[in-house]
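J.: need coordinates for the below:
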Amino acid sequence: MDAPRDPRLREVDDLRRQLRSLGYLDAGVDRFVLAPAARNRRPLAIGWLASVRIGALAALLLGPAAAIGVSARVPGLITGARDGFVVAAYLGLLFGAACSAAAFAISLMASLLVRQPAFSRRRRGLALAAGTAFTLACLAYLTLWWDASRFGAQGWRSLWTTIPLAFAAGVSLLLGHLVTVTTLAVVVSRNDGVEPAHGVPGSSRLVLAAAGGLTFCGALLLFSLTARSGPPIADAPRLAVVSSGVRVRVIAIDGFDPRIASRLAGAGRVPAIAALLDGAKAAIRFGDTRDPARAWTTIATGQPPEVHAVHGLETRRVAGVQGSFATDQRSGAGRALGDVTDLLRLTQPSVVSGSERRVKTFWEVATSAGLRTAVVNWWATWPAPADAGLVVSDRATLRLEKGGTQDAEIAPPGVYESLRTVWPALRAEAAAHAARLRDGTEMGALLRRSAELDALQMAITKQVAGPNVDLVCTYLPGLDLVQYGLFGSSETASASPASVAGRLAALDEYYVLLDALLGPALGVSDDDLLILITSPGRVSEPGPGLLLAHGAAADARLLDGDAQPTDVMPTILQALGVPLSRELAGRPLVELFGADFARRYPVRQVSTYGVPSAPRAERRGEPLDQEMIDRLRSLGYVR
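T.: Numbering: from 1, shown residues only. Next up is the predicted model:
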């Protein structure tokens, strides 16, 4: 006689029979999700374990797709295949956990509703309603996620839009179907003796095809209702340069106060600056200049931060990812979020890079037009791209000091070796310039360090930029460092009048030293145009900046009205004879040029300059990420 079977095994066999009769175990994906139902009779356990498997499938399907969307929405975060894999894993875990939680909540709610008399015999309808609700929620989220990427601006007729929407519809339908069968498994496990109807709700091919078509049409409709307006992304046309024969030399000075400069010019202490102030000039009305990376990228691109996407000097790097993303350090919530994620080791502080910038700078445009360019020490130029002319990035000085194999700090790479050869001589030249300050106090140390940094940038520029280069740009941070070091701390507010007077005298001395550094730059030929750009620096109430032009092509007059930071880029490109993009937010200040120059070289336009090339640079050497943060912290740029 056979031994009596365990009642628990009979329950498992009975449930397996019911699942087969309903068609659950016909499809492989259903068998995978509902495998826990064949081993456990408890409804909550079935719902939980099946929901975990739904989350695993969602992670595999949505992680890579979400990483593609993030790469478009957050420039600079994904720099290669490894970064893409890590971001896909992070987002897969996030989406998987969310889908698991949602599926379990739905199955739990169904298990509670099925106890009610109104739903006890409507199990199929309850399961189908649960799956439909999950499908619609998933579809809406994925559609809006794709719409938020820059590809969404191309419109629903683009292939790059219809393919992701079809993928979103398919994934949403699949996950909704799995929620349907999971919910039905939960309610069937509460069998009260009533045999449910056979077949999984909505499992026939005709129903699935109709549901898929309706889901895709719904995604298209939702996308068309929410898609951002804007022109499609166009390819950049060839730029035809009408050469003016002018070589442009751009010097950018941060922390410059025109009132102090005018006072010292009247006293005869800054003759070079006085000559510039008497020439062609325009006042630039800045907004918030407390973050130099954001302000100077606006000047370099001719676009506001909302377009160029460099929002701040300090960014965050995700653990395991080489790229970085911007955080809003101006708000308390942004700083708090960054501190929490840093504490949990999910992120770490980083410094803004050119990989985050979405539009071209004026030197990149000039290079793409066939002109020879060189840029030294501008913000957000690291990693130095290989197709933007000669770039000595904002990390180059640190690399030259440290030595070793470079990590895209300078392009072309051969320039790094030539600079390393003459680096001791450049340092000695900069030190000799800073030695003109004989103040031995703490303020004197601040002035000398800033003066040596400025002199180094000018020495590097002289070394790398030959006489035949069409465009040379140099950024000088020293005056801003001095101004912030003397007056940017909380101690200044309670300082005595004598202390304040001493600090003002020290600031005056730095203007005099800076004037001596600029003096040789004024010896321009008739084919040269010197453009001096100034910003008020890291002050809470910024005054005006200046755009000063010196050379035969300049017209010595003060412009009527105020210029904007976005006017600088088109003005420089107009001087070079490069056509201007209609996408630029500013206008060329043609009033700065002489009447003959303006008549011979009228403004020409093109539709777009396109986007920066990708990948922007190849990184192979020893990273200087932490060293860069330490350096900026010592200079007072970051906390």
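J.: can you pull out the helices in the stretch 51-200 of the chain?
T.: Per DSSP state H, counting those that start in this stretch, the stretch 51-200 of the chain carries helices over the ranges 81-113, 123-147, 159-188.
J.: quick one: contacts for I572?
T.: By Cβ atoms under 8 Å, 6 or more residues apart in numbering, the contact set of I572 is V248, V250, F362, L471, I531. Where C-beta positions appear, they are placed from N, C-alpha and C, glycine not excepted.
J.: before we move on, back to that, and the helices of the stretch 51-200 of the chain, which is most packed in?
T.: For those, average neighbour numbers computed from mean count of other Cβ atoms under 10 Å are highest in helix 159-188, which has a mean of 22.
J.: now it against helix 81-113, angle please.
T.: Relative orientation of helix 159-188 versus helix 81-113 (axes from the mean of the first three to the mean of the last three Cα atoms, to 10 degrees): 40 degrees.
J.: what packs against helix 159-188?
T.: Using 3 or more Cβ pairs under 8 Å, 6 or more residues apart in numbering; DSSP states H and E as the contact criterion, the elements in contact with helix 159-188 are helix 7-22, helix 28-33, helix 43-73, helix 81-113, helix 123-147, helix 205-226.
J.: assumed K281 was part of a helix.
T.: No. If the criterion is DSSP: H, G, I helix; E, B strand; the rest coil, then K281 is strand and not within a helix.
J.: what about the residue lying closest to it once chain neighbours are set aside, which SS state?
T.: Leaving out its chain neighbours, the residue that sits closest to K281 by Cβ to Cβ, 6 or more residues apart in numbering is L548, at 4.7 Å. Three-state call for L548 (three-state DSSP): strand.
J.: make JSON lines out of the helices of the stretch 51-200 of the chain and add distance to A505 and mean pLDDT.
T.: As requested, the helices of the stretch 51-200 of the chain are arranged in JSON lines below (distance: least, Cβ to Cβ, whole Å; pLDDT from 0 to 100):
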{"stretch": "helix 81-113", "distance to A505": "51", "mean pLDDT": "82"}
{"stretch": "helix 123-147", "distance to A505": "58", "mean pLDDT": "76"}
{"stretch": "helix 159-188", "distance to A505": "61", "mean pLDDT": "74"}
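J.: indicate which one of these is closest to E622.
T.: helix 81-113 (17.5 Å; Cβ to Cβ).
J.: got the angle for that closest one vs helix 123-147?
T.: Helix 81-113 runs at 150 degrees relative to helix 123-147, counting by the same axes, to 10 degrees.
J.: coming back round to it: neighbours of the residue nearest to K281, how many?
T.: L548: 23 surrounding residues under other Cβ atoms under 10 Å.
J.: on that earlier part again, of all the helices of the stretch 51-200 of the chain, which one is nearest E627?
T.: Among these, helix 81-113 comes nearest to E627, with 21.4 Å by Cβ to Cβ.
J.: could you say what helices and strands that closest one packs with?
T.: Packing partners of helix 81-113 (3+ Cβ pairs under 8 Å, 6+ apart): helix 43-73, helix 123-147, helix 159-188, strand 314-318.
J.: again, only using 7 Å
T.: helix 43-73, helix 123-147, helix 159-188 (3 or more Cβ pairs under 7 Å, 6 or more residues apart in numbering; DSSP states H and E).
J.: among the helices of the stretch 51-200 of the chain, which is nearest V422?
T.: Ranking the helices of the stretch 51-200 of the chain by proximity to V422 (Cβ to Cβ) places helix 81-113 first, at 36.1 Å.
J.: how about the contacts made by the closest residue to L471 other than its chain neighbours?
T.: Of all residues not flanking L471 in the chain, T373 sits nearest, at 4.4 Å (Cβ to Cβ, 6+ apart). Neighbouring residues of T373 by Cβ atoms under 7 Å, 6 or more residues apart in numbering: W363, A366, T367, G389, L390, V469, D470, L471.
J.: try 10 Å
T.: By Cβ atoms under 10 Å, 6 or more residues apart in numbering, the contact list for T373 reads 248, 361-367, 388-391, 465, 469-473, 576.
J.: can you pull out the helices in the stretch 451-600 of the chain?
T.: 478-487, 497-518, 568-576, 595-600.
J.: so which of these is the most packed in?
T.: Of all the helices of the stretch 451-600 of the chain, helix 568-576 has the most neighbours on average by mean count of other Cβ under 10 Å, namely a mean of 26.
J.: distance between that one and the chain's centre?
T.: How far helix 568-576 lies from its chain's middle: 25 Å, per Cα atoms, centre = their mean, to the nearest Å.
J.: repeat that for stretch 128-147.
T.: Chain-centre distance of stretch 128-147: 29 Å, with Cα atoms, centre = their mean.
J.: likewise stretch 307-318?
T.: Computed by Cα atoms, centre = their mean, the chain-centroid distance of stretch 307-318 equals 5 Å.
J.: now the end-to-end length of it.
T.: Its first and final residues considered, stretch 307-318 spans 23 Å by Cα to Cα, to the nearest Å.
J.: same thing with stretch 374-391?
T.: End-to-end for stretch 374-391, by Cα to Cα: 6 Å.
J.: thinking again about what came up before, dump the residue contacts of the residue nearest to K281.
T.: By Cβ under 10 Å, 6+ apart, the neighbours of L548 are 251, 253, 258, 273, 275-282, 530-534, 554, 592.
J.: turn the helices of the stretch 51-200 of the chain into TSV, columns for distance to P588.
T.: Shown next, in TSV, are the helices of the stretch 51-200 of the chain (distance: least, Cβ to Cβ, whole Å):
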stretch	distance to P588
helix 81-113	39
helix 123-147	35
helix 159-188	34
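J.: of these, which is nearest A498?
T.: Closest approach to A498 among the helices of the stretch 51-200 of the chain is made by helix 81-113 (54.8 Å; Cβ to Cβ).
J.: quick one, the closest one and helix 43-73 angle?
T.: Helix 81-113 runs at 150 degrees relative to helix 43-73, counting by the same axes, to 10 degrees.
J.: from the contacts of L548, keep the buried residues only.
T.: Those of those that meet the buried threshold are 251, 253, 258, 273, 275-277, 279-282, 530-534, 554, 592, by 16 or more other Cβ atoms under 10 Å.
J.: of those, which belong to strands?
T.: I251, I253, A280, K281, A282, L530, I531, L532, I533, T534 (DSSP state E).
J.: so which of those comes closest to A50?
T.: Using Cβ to Cβ, I533 comes nearest to A50 of those, at 62.9 Å.
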